[in-house]
Every structure is written in C-alpha cells, then in structure tokens.
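# Provided below for reference: sequence and predicted model.
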Amino acid sequence: MADVPVQETFIASLTKQHAIVTHYLLKRHLEGPNQVRDMLYEHLNIDELRAFAVGDAQQAGDYDEAERLCIEKVTELKGWSFRDLNPQDWRNVLYKVYVAAENRVKQKALAKQLMLYGSQHYWRVLKDIYSQEGTWESEYPQLLNALAATGIAVCYRNILVEENEMERLLVEVTRDPFDLFY
C-alpha cells in the first residue's frame with residue numbers, strides 16, 4: 001500500500017509537466033520563441049523544454065549557451081548513464097552542439113569519452129575526424145590501447161574485428177575462451 005502514494009505522486013508530477021510543456025508550446029506558437037524565453041528557462045528541469053532551449057541557442061549561434069545547458073544536464077545525471085545512439089541522450093545532444101559550432105577539439109574529446117564508454121559509433125566518428133585531419137595512423141594505436149584498457153570487451157572485440165586486428169583478437173579470445181562463440 002505504501003507504493004500507491006508514491007505512484008500517485010509520480011503520475012501527478014508527470015501530468016503537471018505535460019501541462020507545462022503544452023502551455024509553453026501553445027504560447028510559443030502564438031507569441032514566438034523570444035516572447036516565451038523566460039517561461040522556457042523557468043522550466044529547464046523538464047527535458048523537453050531544455051531541448052527547446054538548446055535548439056534555440058544553437059539557432060541563435062549561441063553555442064556556449066547550448067553547451068552549458070547540455071553540460072548542466074550531463075552533470076546532473078552523474079555517472080555514466082550514456083545511452084549510445086539515443087538522440088535524446090544529453091551527451092549525444094552535446095556532441096551535435098560541438099558539430100554545429102565546428103569545434104573539432106571538443107568533438108574529439110567528447111567522442112573519445114563516449115568511445116571509452118563502449119560506443120562503437122564514436123570509434124567510427126573519431127576515425128572519420130582523424131582521417132580527415134590525416135592523423136588516423138598516429139592516433140589509432142593510442143585509441144585502441146585506451147579502449148582495451150576500459151575492459152569493455154564487447155566493444156573492444158567488435159572494433160578488433162572491424163579493424164581486422166586478428167592477432168589482438170586472438171589474444172583476447174585466448175584470455176577468455178568462453179567468448180569465442182560470441
């Protein structure tokens with residue numbers, strides 16, 4: 001029975017958030033984004049509205065503000081609650097902000113962090129960036145070693161297969177033969 005009040009509170013909270021989002025969207029449509037900016041910033045605790053704030057900042061070319069909004073959310077989430085390839089994950093949103101801002105340094109740093117969380121997608125992103133810069137050959141060994149050091153075997157082994165690193169793959173499989181069929 002103790003769960004019922006918690007559940008009711010949660011549902012009431014969601015209902016209130018939906019009402020705020022609906023109210024905001026209606027006002028935004030009728031009055032325009034600049035007229036409802038204060039309302040938007042009063043409710044940044046609602047992810048959908050924070051996403052609007054990030055989009056508005058990007059559209060205005062204020063990439064520092066878009067970055068700040070994303071970093072606040074990433075910091076609030078703590079730990080690595082990263083959901084690879086989920087376009088609503090705040091780290092993926094932040095990466096898109098860096099792309100829009102054409103900030104290669106921050107793109108590389110975040111892509112490397114996300115690759116080390118086990119994202120094969122960001123391995124490919126890094127490979128593309130470094131290939132365009134002509135530094136892939138020199139960066140490749142360090143990235144592969146860093147990925148190996150994470151202990152995220154599935155991602156590491158998939159990258160070894162993708163990069164045709166059969167000797168390293170054999171060492172990995174020898175280390176844990178039960179994973180041979182995986």
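Thanks, I have it. Not measured: the values here are computed from a predicted model. Numbering: from 1, shown residues only.

# State the pLDDT value of the residue nearest to residue 50 when sequence neighbours are not counted.
Among residues not flanking residue 50 along the chain, residue 44 sits closest, at 4.9 Å (CB to CB, 6 or more residues apart in numbering). C-beta coordinates here come from the backbone N, C-alpha and C atoms, glycine included. Residue 44 is assigned a predicted lDDT (pLDDT) of 95.

# burial of residue 18, as a residue count?
Counted by other CB atoms under 10 Å, the residues lying close to residue 18 total 12.

# so how far is residue 25 from it?
11 Å (CB to CB, to the nearest Å).

# ok, the residue nearest to residue 50 - how many residues close by?
By other CB under 10 Å, 16 other residues sit near residue 44.

# Verify the stated contact: it with residue 52.
No. In this structure, residue 44 is not within contact of residue 52 by CB atoms under 8 Å, at 9.6 Å.

# State the distance from the residue nearest to residue 50 to residue 56.
Residue 44 sits 12 Å away from residue 56, going by CB to CB.

# Same question for residue 16.
23 Å.

# what about those two, which has more around it?
Legend: neighbour count by other CB under 10 Å for residue 16 and residue 56, higher for residue 56 (18 against 11).

# which SS class is the more buried one?
For residue 56, the assignment made with DSSP: H, G, I helix; E, B strand; the rest coil gives helix.

# List the contacts of it.
Going by CB atoms under 8 Å, 6 or more residues apart in numbering, residue 56 touches 33, 37, 40.

# same thing with residue 137?
By CB under 8 Å, 6+ apart, the contact set of residue 137 is empty.

# which parts of the helix or strand hosting residue 39 are buried?
According to DSSP states H and E, residue 39 maps onto helix 37-42. For helix 37-42, burial by neighbour count (16 or more other CB atoms under 10 Å) applies to residue 40.

# got it, and stretch 134-153?
Across stretch 134-153, burial judged by 16+ other CB under 10 Å covers 139, 140, 143, 144, 147, 148, 152.

# out of these, which one sits closest to residue 86?
Nearest to residue 86 among those: residue 152, at 17.7 Å, using CB to CB.

# my guess is the closest one contacts residue 118, does it?
Yes. Applying CB under 8 Å, one finds residue 152 in contact with residue 118, separated by 4.1 Å.

# returning to what we had before: helix, strand or coil for the residue nearest to residue 50?
coil.

# remind me which residues of this structure are low pLDDT?
When residues are selected by pLDDT under 70, those of the chain lie in 1-8, 10, 12, 79-81, 179-182.

# Could I get the full set of strands for it?
Assigned by DSSP state E, the chain shows no strands.

# Thanks a lot, see you next time.
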